[in-house]
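Asker: build the 3D model from these lines:
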Amino acid sequence: MKEIDNIEFYRDSIKLILDIQSCDGSITWEKGKKLDPWDHVEGAMALSVAGEIDAAKKAYKWMQSNQEAAGGWFSEYKSGAPSKRRIETNFAAYICVGIWHFYLITKDKDFLEEYFPVLDRAMKFVISMQTKHGDILWALNEKGSTLDDSLITGCSSIYKSLECFYAIKRLLNKDLGNLEVSMSSLKKAIIEKPERFDRGWKSKDRYSMDWYYPILTGVISGEGAKERFKKREQEFIVEGMGCKCVVEEPWVTVAESSELVMALATSGQLDRAKEIFSWLHQWKDPEDNLYWTGYVYPDKAFWPIEKPTWTAAAVLLAADTLYKFTDGSDLFLKDWSK
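Answerer: Sure, this is the predicted structure:
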């Protein structure tokens, strides 16, 4: 049996993403189910880790072909057509992380040049949604009107996207403009202005992503990151199982656990990251070697009954972060704007 530090251990997860990818390059959650642009890019990144470069290129080509005039993508697609016409800022921004990751692995500068206009349109839209307080509003609704609220997880993800966009612009000798100002004001908002987030709905701090995403994406680092972990780890981490998605629910999820692993690695807590990652492989279905979304431990039941591509992708990215399969393994470990 292959060990978890060997890419072959994840071969069935790689095959899942390849099998579900459509001929147009799109990667849905499951066969015949929905697609969202963020998870689609995550799937493309997993294909890059797996060395499936042509398939990853096809996934990014889908993004290039489906970009809207506003610069973003619709929040959901089914059967190749938009099924929800909201345009979310963190979905629009995340392609910068994916394309930079692709470059780190392939060193293909021509690919960066080809996709720069796509990234530039996307990030112009994202930055246009930044308020005077530094936070970035989360979406345009179906009618194209701004939805006046911001998300900690979404803005943290955008921060990493801005960082990767900065690195791409610098490498291609493009004008950096006010990108540093946008980044620093966004960072300040996330750290110092909690009142700017969750203004129109119940606080999302019950979700583990709001806890670890500022660390995963480099908004909070060093001792501050370790302190943030320590503050809530007993609330979210179930020893021997993984990370809960929602603090009050007895439900550990593989994707959130994988992202937490990467966040721990980002903050220098590599031993703890490897320990938690080692727990996750018990949540594979022995029949097909694929990861379930999550496990409800009081009921000893998997829920929901699905094995989505984005869960497989999160596991692959975490494994690469820990075990250095590719030159993209430092994606979340470095500040690429430095």
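Asker: can we go C-alpha only for contacts and neighbour counts from here?
Answerer: Will do.
Asker: what segments of the stretch 201-338 of the chain are helices?
Answerer: Remark: helices assigned in the stretch 201-338 of the chain by DSSP state H, counting those that start in this stretch are 208-216, 222-236, 254-266, 270-279, 309-323.
Asker: excluding chain neighbours, what is closest to the residue positioned nearest the centre of the chain?
Answerer: The centroid of the chain falls nearest to E42 when counting by CA atoms, centre = their mean (6.0 Å). Of all residues not flanking E42 in the chain, A313 sits nearest, at 6.1 Å (CA to CA, 6 or more residues apart in numbering).
Asker: and the closest residue to W251 other than its chain neighbours, what are its bridge partners?
Answerer: Counting by CA to CA, 6+ apart, V296 is the residue found nearest to W251 once chain neighbours are left out, at 4.4 Å. As for beta bridges, V296 partners with W251, A301 under DSSP bridges.
Asker: ok, V296 - contacts?
Answerer: With contact taken as CA atoms under 8 Å, 6 or more residues apart in numbering, V296 is in contact with 250-252, 302-303.
Asker: wait, which of the residues you listed is closest to T106?
Answerer: V252 (34.2 Å; CA to CA).
Asker: run a quick neighbour tally on that closest one.
Answerer: 27 (other CA atoms under 10 Å).
Asker: switch the contacts of V296 over to CSV; also include distance to G71 and pLDDT.
Answerer: Listed next are the contacts of V296 as CSV, based on distance: CA to CA, whole Å; pLDDT from 0 to 100:
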residue, distance to G71, pLDDT
P250, 39, 98
W251, 36, 98
V252, 35, 98
F302, 38, 98
W303, 35, 98
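Asker: want to throw those residues into TSV with distance to D36?
Answerer: Shown next, in TSV, are the contacts of V296 (distance: CA to CA, whole Å):
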residue	distance to D36
P250	26
W251	23
V252	22
F302	23
W303	21
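Asker: can you say which of those residues are buried?
Answerer: 250-252, 302-303 (16 or more other CA atoms under 10 Å).
Asker: that older thread, pLDDT score for the residue nearest to W251?
Answerer: Here, the pLDDT recorded for V296 equals 98.
Asker: what do you get for M1?
Answerer: 51.
Asker: roughly how far does F116 sit from A314?
Answerer: Taking CA to CA, to the nearest Å as the measure, F116 falls 25 Å from A314.
Asker: out of the two, which sits in the more crowded spot?
Answerer: More crowded of F116 and A314, by other CA under 10 Å: A314, with 23 against 19.
Asker: list the contacts of V252.
Answerer: Here V252 is in contact with 238, 241-245, 294-297 (criterion: CA under 8 Å, 6+ apart).
Asker: nearest to S13 among the residues you listed?
Answerer: G294 (15.6 Å).
Asker: verify the stated contact: the residue nearest to the centre of the chain with A314.
Answerer: Yes. Counting by CA atoms under 8 Å, E42 does reach A314; the two are 7.3 Å apart.
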